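Trainee: predicted model follows, preceded by the sequence.
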Amino acid sequence: MRNASLEVLVVGAGPVGLTMAAELARHGVSCRIIDRLSNPLPYCRAIGITPRTLEVWDDMGIANPLIDAGLWIVGTRSFLNHSPAQDVQNDLFGLPYGHLGIPQPETERILAEHLASFGIAVERPVTLTSLKQDSQRVQVELLLPDNSKEAAVFRYVVGCDGAHSAVRRLSEIPFEGDQFPFTFMLGDVVLDCDLPRGMVLRAIRPNENGAPDFLVAIPLPERNRYRVSMLAPNTLALQAKAASSDLAHGLQTELPGPALEELQVVADRLFPQKLQMSDLRWSSLFRISMRLAARYREGRAFIAGDAAHIHPPTGGQGMNTGIQDAYNLAWKIAQVLQGASPDLLDTYEAERRPVGADVVSRTRTQSEQFGRKQTAQEERLTETQVLVNYRTSRLSRESVSESSESLRVQAGDRAPDCSGLVRANIRYPFRLFDITRGVSHVILLYLAKFAEPGQIELVEKLSQKLTDAQRPRCRLVLITSPDAQPRDVIGATILKDSTGEFSSAYMPEVNTGYIIRPDGYVGYHGRPLTVHGVDDYLAAVAGSEQGVQEKSA
């Protein structure tokens, strides 16, 4: 039996599994990642990247290469029942990033290169065939490329292995839901059209008694190339239904894809002017299931991404939700392996399963109403995923005098970014994300003038407390008003809010503090911040008290 002191096995090397392995490695956890396929799939499946996922990649240090490999999705041009075109531009909503389009093979390539920088390579083709666990370990059996079998032991196993997840099946986790009653066609084609670069193209003919007739063309980085999708004709739909299982989801690779002529027929039917397609690189039939795992954990086995939730691709939520699953789980596994209580791992399902349930429900509704109403601005903001919060999590705590509902930022919210933060003797300003990036918790303490003796005493006590503490790792960042003349404090980063963006985003009072989790969410919010509050919260994360109290005003 092999046991090379590797702590975690990641099963599945799509974007979710690659993120999981890379984040474990960044947090100092040794891991191994396997995939049953000999090579990554070459097809352009998931494309859309939400602003929140770009923030995740920013923290991981890989946002720039991924942006360079993609293109910005700037808006949508729609034709409804052959009516004149209507253009809707994507609103950035004041966020650090817009919506990015990048083919999934490119996403996987860059994530794999990032993982390789930690000395970890994907093992292919390796299949998980058996999983047994006790209170201390998980014993697995793997089928290797030469058809031999290997036994190995890990502390944890994470299944990022898609809709047909072996980890979910071997852990006997129910995958509840049903199939979408329609089959779709996908194709990678060149379009002869005058669309501005980065615009989505769609044509819709609503049907009150059934699915709308539609065509959606998502732009790809290569000029004039698009990934098109539309309903499949009945003949192809029946073939796909006959060949698929109850869990059919995604590309139906066992069947031949539609011909270019079959895609062109739909375009001719829906667009008022000729939309010529050419240079078909690949095509496929596509089926959708809508399912949510009954739980995201069975003992020491976890599931994430499509292994935990599958749903219509409306709004590009699926892959992004899975990446954020991994981002949430990785730091918690690391904390536990570094000495925190295993109870911390219970918060993964508590925080992420409601997100998965919401995405399954919302994308189903949007798909059923596709073409019957315009997408409201509130829905477009929801699809950025920056509104996802963990306010009800036991890891979210507030100690404030006023009602939490009146606060701009609450415990459990994503910590907003802002710019214009100036540090002494450094010429250029910082973004807040520059300061919080990394694997530690970060205390943000707003002091305004930083001149009162009580403030100096508070900062020195906090600095000493963090120096003495063993777990979890935490850094101290002080933010002052633009005209403050702060004294230097050992162990603290001091920044001036030179443009007032921090004050505008957080609306803090003097001595307001936030503890930002390693995944960029506000764990603790104190008005005023106290050493006792910080100490209690960090002790709770480490598991040295009986859980974290429910958030209260």
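Mentor: Arrived safely, thanks for sending. Residues are numbered from 1 along each chain as shown.
Trainee: what helix or strand is Val360 located in?
Mentor: Element membership of Val360 [criterion: DSSP states H and E] is helix 346-368.
Trainee: next: Arg475.
Mentor: Per DSSP H and E: strand 474-480 holds Arg475.
Trainee: quick check: mean pLDDT across that strand?
Mentor: On average, the pLDDT along strand 474-480 is 95.
Trainee: tell me the contacts of Pro40?
Mentor: 13, 105, 108-109, 112 (C-beta atoms under 8 Å, 6 or more residues apart in numbering). In this view, the C-beta of every residue, glycine as well, is placed from N, C-alpha and C.
Trainee: what strands flank the strand holding Arg475, and is each parallel or antiparallel?
Mentor: In the sheet, strand 474-480 lines up against strand 441-448 (parallel), strand 492-497 (parallel) (DSSP bridges).
Trainee: if we can go back for a sec, closest one of the contacts of Pro40 to Asn389?
Mentor: Glu108 (28.9 Å; C-beta to C-beta).
Trainee: after the worst-scoring helix or strand of the chain on mean pLDDT comes which helix or strand?
Mentor: Lowest by mean pLDDT, DSSP states H and E among the helices and strands of the chain is strand 250-251, with a mean of 60. Using DSSP H and E, the helix or strand that follows strand 250-251 in sequence is helix 260-270.
Trainee: need the CA coordinates for that following helix. PDB is fine.
Mentor: What follows is helix 260-270, C-alpha atoms only, in PDB (Å, rounded to 0.1, in the frame of the first residue of the first chain):
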ATOM      1  CA  LEU A 260     -23.000  22.600 -40.100                       C
ATOM      2  CA  GLU A 261     -26.100  22.600 -42.300                       C
ATOM      3  CA  GLU A 262     -28.300  21.600 -39.300                       C
ATOM      4  CA  LEU A 263     -26.900  24.600 -37.300                       C
ATOM      5  CA  GLN A 264     -27.400  26.900 -40.300                       C
ATOM      6  CA  VAL A 265     -31.100  26.000 -40.700                       C
ATOM      7  CA  VAL A 266     -31.800  27.400 -37.200                       C
ATOM      8  CA  ALA A 267     -29.900  30.600 -37.900                       C
ATOM      9  CA  ASP A 268     -31.800  31.100 -41.200                       C
ATOM     10  CA  ARG A 269     -35.100  30.600 -39.300                       C
ATOM     11  CA  LEU A 270     -34.400  33.100 -36.500                       C
END
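Trainee: packing partners of that helix?
Mentor: Other helices and strands packing on helix 260-270, by 3 or more C-beta pairs under 8 Å, 6 or more residues apart in numbering; DSSP states H and E, are strand 175-192, strand 199-205, strand 213-219, strand 225-231, strand 276-293.
Trainee: can I get those strands in TSV including mean pLDDT, distance to Leu263 and mean neighbour count?
Mentor: Output for the helices and strands packed on helix 260-270, formatted as TSV (pLDDT from 0 to 100; distance: least, C-beta to C-beta, whole Å; neighbours: other C-beta atoms under 10 Å):
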stretch	mean pLDDT	distance to Leu263	mean neighbour count
strand 175-192	90	5	18
strand 199-205	94	13	21
strand 213-219	94	8	21
strand 225-231	93	6	21
strand 276-293	92	6	19
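Trainee: any idea which of the ones you listed gets closest to Val386?
Mentor: Val386 lies closest to strand 199-205 among the helices and strands packed on helix 260-270, at 20.3 Å (C-beta to C-beta).
Trainee: and the contacts of the closest one?
Mentor: Contacts of strand 199-205 (C-beta under 8 Å, 6+ apart): 73-81, 87, 191, 193, 195, 212-219, 226, 267, 269-271, 370-371.
Trainee: flag the shaky bits of this protein, pLDDT-wise.
Mentor: Residue ranges of the chain with pLDDT under 70: 1-5, 242-255, 315, 368-376, 544-553.
Trainee: can you give me the helices in it?
Mentor: 15-26, 51-60, 63-68, 104-116, 166-170, 234-243, 260-270, 318-337, 346-368, 377-382, 432-436, 453-468, 501-506, 531-542 (DSSP state H).
Trainee: so who does Ser135 touch?
Mentor: Per C-beta under 8 Å, 6+ apart, neighbours of Ser135: Gly299.
Trainee: please apply the same query to Val8.
Mentor: 24, 29-32, 154-158, 333.
Trainee: the same query, at a cut-off of 6 Å, please.
Mentor: 24, 29, 31, 154, 156 (C-beta atoms under 6 Å, 6 or more residues apart in numbering).
Trainee: out of the helices of the chain, deepest packed?
Mentor: Of all the helices of the chain, helix 15-26 carries the top mean neighbour count, a mean of 28, counting by mean count of other C-beta atoms under 10 Å.
Trainee: elements contacting that helix?
Mentor: strand 8-11, strand 31-34, helix 104-116, helix 318-337 (3 or more C-beta pairs under 6 Å, 6 or more residues apart in numbering; DSSP states H and E).
Trainee: alpha carbons only: can I get the last one in PDB?
Mentor: Taking Å, rounded to 0.1, in the frame of the first residue of the first chain, the C-alpha atoms of helix 318-337 are listed here in PDB:
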ATOM      1  CA  GLY A 318     -21.800  26.200 -13.200                       C
ATOM      2  CA  MET A 319     -18.000  26.200 -13.500                       C
ATOM      3  CA  ASN A 320     -17.700  29.400 -11.600                       C
ATOM      4  CA  THR A 321     -19.800  28.000  -8.700                       C
ATOM      5  CA  GLY A 322     -17.500  24.900  -8.600                       C
ATOM      6  CA  ILE A 323     -14.300  27.000  -8.600                       C
ATOM      7  CA  GLN A 324     -15.700  28.900  -5.600                       C
ATOM      8  CA  ASP A 325     -16.600  25.600  -3.900                       C
ATOM      9  CA  ALA A 326     -13.000  24.600  -4.100                       C
ATOM     10  CA  TYR A 327     -11.800  28.000  -3.000                       C
ATOM     11  CA  ASN A 328     -14.000  27.800   0.100                       C
ATOM     12  CA  LEU A 329     -13.000  24.200   1.000                       C
ATOM     13  CA  ALA A 330      -9.200  24.400   0.400                       C
ATOM     14  CA  TRP A 331      -8.300  26.900   3.200                       C
ATOM     15  CA  LYS A 332     -10.500  25.000   5.700                       C
ATOM     16  CA  ILE A 333      -8.800  21.600   5.000                       C
ATOM     17  CA  ALA A 334      -5.500  23.400   5.300                       C
ATOM     18  CA  GLN A 335      -6.500  24.900   8.700                       C
ATOM     19  CA  VAL A 336      -7.600  21.500  10.000                       C
ATOM     20  CA  LEU A 337      -4.400  19.800   8.800                       C
END
